[in-house]
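S.K.: all I have is the shape, not the residue letters:
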């Protein structure tokens, strides 16, 4: 129907060109900025509607908007125009990961060994469980099973950050969910790079690259993150704390890191995440600690998650892959909750289990990592990682709900009665 | 009204101190929801006292055991301070003193779990969240109920001294209030805050309480937010006007002042007219809150004003005999030092703001000061 409308418009436009010499050729593609604004408004409206009617997390609304209006369903956002807005989604994702990294307080691990135990068991159990599932039950090759595990083992710090902010959660479960999701994402990045090297060796037969590529990617991301974090702190130190100028410096330096990472073919997300972690760790004078991204980062989140929703490969859905993805998610959920339960510590068991539930989200990071492999190995990577894509797709819908549920059940969000005091 | 029928006898002049403390996020030193998590995991020696929830989840209260000596109070406070600092580090939060948090947003506060707090929130609405202010309460043991009622009123004229010496709440909602203690403005919003009325004895107190009870104004002794009130279940008189100081050293010194003053008043029984004292009480309290040690206080007997600093100095001199008898002279000396050399806690906070130019770092410094056991009072 849209095609016929466009066809009518095109004919009319072409007819007008005979009279109005200044008219440009009929615009066959929508302007990127116009598309961006439509994505923003549609995502926003859908998310607000779902939130006001069903109390769904906004992140979920953005994903649903992308899925409904994107290629999987209505097709109003077409596959060929997704690359146009992908850089904005990448920037949004990068900035959210930078913020997640800045909130990661590694010093906490030194004060509380329970957390280290929880982190290590989450990372190890999640990877192992997913790897064995993909290898033994799905029948993937060891390299692709490892790639699937690397992509899906982590929680989604960007989703967790947004759900925590939206629900105004505060408390030990919230803090642990944020810590574990960030650390598992960091581990996932590292494992992903290593696995990428192995996959490369598996495909090309050259093992030299399997060593040098992870070193280049991981070492490069750290080096760029460290250098830009140092520079950021120095420049920000010249400005008043919590000033708008500091926010601009933070964003500008993040873009600098993105630029350098792209020039050197180093993973952008890992670079920004490490930059955030180093900004938090090296900022002993609290130069930038009190400076937050303004509320505008919600705008970034809309773009990011609408694009994620539109990018999900629902058209390639088969019942078998769907069932396998559900199996993977169940195994992953079991591994994560079990690791929290086994980690012990002073947090009561029910709260540890809720922390396990809170770290279930799996989203943008996994999808984008899977895209990266698909881009590198288009013939094999896409089909082999369909399982990871579908797992991410399902969790894009379920993850924010589970995370929010965990925070509410932990009693760390304001009660309905208390919201009365806020006029909320 | 059965709770008031008995005034539990206690050892005269024994002390108990309650301190309400601030729980902070280490990210930006704003208040955070952390009390029930902290309390659940906290390991401390109950011989030194107790740790309790307060109205909102950003507050925690420590209570010492009843003690005869200020040194023991100081030890209790220090042991509990250390346990809290350790557990806070394990929970990645910070803790500090001070009468108000300088920049927190009160609507963000969470009411603590439990029916008592739920009922308070239902009864007082937003005032409950605005009541996220932090005070020190000092209990003085009394041998009898009549003695407690007399002491409650006799301590009234000395309230400005306690306010001025403890004042540590110059900032509210991110601005300098120009007050040394802005905390008490939050308390004064409650209907039964302020001064205790003129009461002859314990029976008179019971009659007054029964009147309020029958009129539906109070349901419990806890509804009386008087500056100084009898606390029948403990057998004490409770001084409730102090801000929580920035260090436990100052908190112990204030307890010493209360003990010496209690001893002096009960021993000498100086004549005073409670009705006349009430006429200037609110003004003197305002002066102490607004100007701290630089306040001018009115004396109804002499019908004139005097510098609070001058009167307080004289009082500390007068209490020397009591301090020696109670073995707490060094604590009064610490107060004298604060009086002479300063800075007061409120002034210290202003100095930190001048140095940092932001309130986040001011709170961070407060947390470090609370953590440091060697911090000066």
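M.R.: Done, it's in. All values derive from a computational prediction rather than experimental measurement.
S.K.: mind listing what residue B:145 touches?
M.R.: Residue B:145 makes contacts with B:7, B:201, B:202, B:205, B:230, B:232, as judged by CB atoms under 8 Å, 6 or more residues apart in numbering or on different chains. For glycine as for every other residue, the C-beta is placed from the backbone atoms N, C-alpha and C.
S.K.: what ranges do the helices span in the stretch 51-200 of chain B?
M.R.: B:70-90, B:115-124, B:126-130, B:145-154, B:159-166, B:183-187 (DSSP state H, counting those that start in this stretch).
S.K.: neighbouring contacts of the host helix or strand of residue B:205?
M.R.: If you go by DSSP states H and E, residue B:205 is part of helix B:202-214. If you take CB under 8 Å, 6+ apart as the criterion, helix B:202-214 is touched by B:1, B:4, B:7, B:144-146, B:148-149, B:192, B:197, B:199, B:218-219, B:221, B:224, B:230.
S.K.: what about stretch A:242-257, average pLDDT?
M.R.: Stretch A:242-257 shows a mean pLDDT of 91.
S.K.: before we move on, the earlier item: make a markdown table from the helices of the stretch 51-200 of chain B and add mean pLDDT to it.
M.R.: Below are these laid out as a markdown table (pLDDT from 0 to 100):
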| stretch | mean pLDDT |
| --- | --- |
| helix B:70-90 | 95 |
| helix B:115-124 | 88 |
| helix B:126-130 | 90 |
| helix B:145-154 | 94 |
| helix B:159-166 | 97 |
| helix B:183-187 | 91 |
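S.K.: the ones you listed: which one's closest to residue B:248?
M.R.: The closest of those to residue B:248 is helix B:70-90. By CB to CB, the value is 4.2 Å.
S.K.: please name every helix or strand in contact with the closest one.
M.R.: For helix B:70-90, the packing partners by 3 or more CB pairs under 8 Å, 6 or more residues apart in numbering or on different chains; DSSP states H and E come out as strand B:15-25, helix B:35-41, strand B:49-53, strand B:59-64, strand B:93-96, helix B:248-268, helix B:359-371.
S.K.: which stretches of the chain have low pLDDT?
M.R.: You didn't say which chain, so I picked chain A. Applying pLDDT under 70 to chain A flags residues A:1-2, A:294-297, A:363-384, A:416-424.
S.K.: sorry, should have said chain B
M.R.: B:1-5, B:373-377.
S.K.: redo the helices and strands packed on helix B:70-90 as TSV? Include distance to residue A:10 and mean neighbour count.
M.R.: Converted to TSV, those look like this (distance: least, CB to CB, whole Å; neighbours: other CB atoms under 10 Å in any protein chain shown):
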stretch	distance to residue A:10	mean neighbour count
strand B:15-25	57	24
helix B:35-41	63	20
strand B:49-53	69	18
strand B:59-64	67	23
strand B:93-96	62	24
helix B:248-268	79	23
helix B:359-371	58	21
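S.K.: is it true that residue B:271 lies in a helix?
M.R.: No: counting by DSSP: H, G, I helix; E, B strand; the rest coil, residue B:271 falls outside a helix, being coil.
S.K.: can you report how many residues lie near it?
M.R.: Counted with other CB atoms under 10 Å in any protein chain shown, the neighbours of residue B:271 add up to 6.
S.K.: returning to that earlier point: among the contacts of helix B:202-214, which one sits closest to chain A?
M.R.: Nearest to chain A among these is residue B:219, at 20.2 Å by CB to the nearest CB.
S.K.: and that closest one, that one's in a strand?
M.R.: No: when three-state DSSP is applied, residue B:219 is found to be coil, with no strand at that position.
S.K.: residues near the nearest residue to it once chain neighbours are set aside, how many?
M.R.: Using CB to CB, 6 or more residues apart in numbering or on different chains and skipping residues adjacent in sequence, the residue nearest residue B:219 is residue B:213, 7.4 Å away. Taking other CB under 10 Å as the criterion, the count of residues near residue B:213 is 16.
S.K.: residue A:355 too?
M.R.: Neighbour count of residue A:355, defined by other CB under 10 Å: 30.
S.K.: in a helix, it, correct?
M.R.: Yes: counting by three-state DSSP, residue A:355 is found in a helix.
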